[in-house]
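A.B. asks: Everything below, folded, please.
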Amino acid sequence: MLGLDGLLPEQLSRRGFVVMTALMSGFTMATAHAQANPPVKTPADGLVAGEVKIPVKDGDIPAYRAMPEGAGPFPIVLVIEEIFGVHEYIKDVCRRLAKAGYLAVAPELYARRGDISRVTDVQALLRDFIAKTPDAEVMSDLDATAAWAAQHKGDAQRLAVTGFCRGGRAVWLYAAHNPALKAGVAWYGPVGGQTSPIQPKTALDVAGELKAPVLGLYGGADTGIPVASVEELKKKAQAAGKTVELEIFPDAPHAFHADYRPTWRKEPAEAGWKLMLAFFKKHGAA
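C.D. replies: Predicted coordinates:
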């Protein structure tokens, strides 16, 4: 796999490689101080929800799955985490999607790097987890998650993806990767930034290669993602005949959907959620 050799800790074997063997409870330690708002808690009544294992090329990774009770098949949404792991906020997003009729599954994409729940420093997360996770590995793990979902009451013909922050970046990349995808929704995903041998392209680089429609939800007050760069991505994609829609919430900062953080903004978060569900339905992923 691209750039993977030499990145895995020496103590890991080719099988059973996962350092983080189970999902965390609550929130990542790196974000514990940021819980200024009472996080949204979606009940699991009427749902089948909990931790599962996703078979991938070199072992298994933990994931959180939520879906309605019943026979299915249900449309699938892959939920891509922020940099903080599959913690309670991401799990709740899965339950919210399940309440809307989806089989939602969030794989722990950084499980090979170590136990993300114990990391207290954001810079350590960026250095030791994010920067060391190859994009090719992420794409392969998302493919494996979609395949698992299709075998567990999911409908492979109605496949969507959504993600937040770094996960939003992965939405753009996955939309350029998987021709079976019906729709993607990127919540404030970076479109530019530095590249590396294991992360060779930005979202802007793949704008002309999209294989599915993408909706980008961005904040006009996001100091890290200039609106001009998102507009540039849209123009590049449309010039190549691709479908990209943008919704810019003028006063919203970065991470405006993250209800456990001070950046949460109720109205843009709720409006973006409605737009996401409508976008999935419009493009055959509902």
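A.B. asks: lowest average confidence, helix or strand, in this structure?
C.D. replies: helix 122-125 (a mean of 90; mean pLDDT, DSSP states H and E).
A.B. asks: now what about the next helix or strand after it, what contacts it?
C.D. replies: Next helix or strand after helix 122-125 toward the C-terminus (DSSP states H and E): helix 135-150. Residues outside helix 135-150 that contact it (CB atoms under 8 Å, 6 or more residues apart in numbering): 1-4, 52, 54-57, 61, 63, 65, 76, 78, 80, 103, 105, 107, 109, 112, 154, 156, 159, 161, 170, 173-174, 177-178, 180, 198-201. Any C-beta I mention is one placed from the backbone N, CA and C, and that applies to glycine too.
A.B. asks: Read off the pLDDT value for Ala104.
C.D. replies: Here, the pLDDT recorded for Ala104 equals 98.
A.B. asks: how about low-confidence regions in the stretch 151-286 of the chain?
C.D. replies: Of all residues in the stretch 151-286 of the chain, none has pLDDT under 70.
A.B. asks: Would you map the strands across it?
C.D. replies: 154-164, 183-187, 214-219, 244-249 (DSSP state E, counting those that start in this stretch).
A.B. asks: quick one, the second one and strand 214-219 angle?
C.D. replies: This points to strand 183-187. 10 degrees (axes from the mean of the first three to the mean of the last three CA atoms, to 10 degrees).
A.B. asks: How about the last one?
C.D. replies: Angle between the axes of strand 244-249 and strand 214-219 is 20 degrees (criterion: the same axes, to 10 degrees).
A.B. asks: Quick check: buried residues in strand 244-249?
C.D. replies: Of the residues in strand 244-249, 244, 248-249 count as buried by neighbour count, 16 or more other CB atoms under 10 Å.
A.B. asks: cool, stretch 145-157 as well?
C.D. replies: By 16+ other CB under 10 Å, the buried positions in stretch 145-157 come out as 145-146, 148-150, 152-155.
A.B. asks: I'd assumed Ala111 was in contact with Pro62.
C.D. replies: Yes. At 6.2 Å, Pro62 counts as touching Ala111 under the criterion of CB atoms under 8 Å.
A.B. asks: Comparing these two, which shows the higher neighbour count?
C.D. replies: Ala111 (28 against 19; other CB atoms under 10 Å).
A.B. asks: And the more buried one, how close does it get to Phe129?
C.D. replies: Distance, Ala111 to Phe129, using CB to CB, to the nearest Å: 10 Å.
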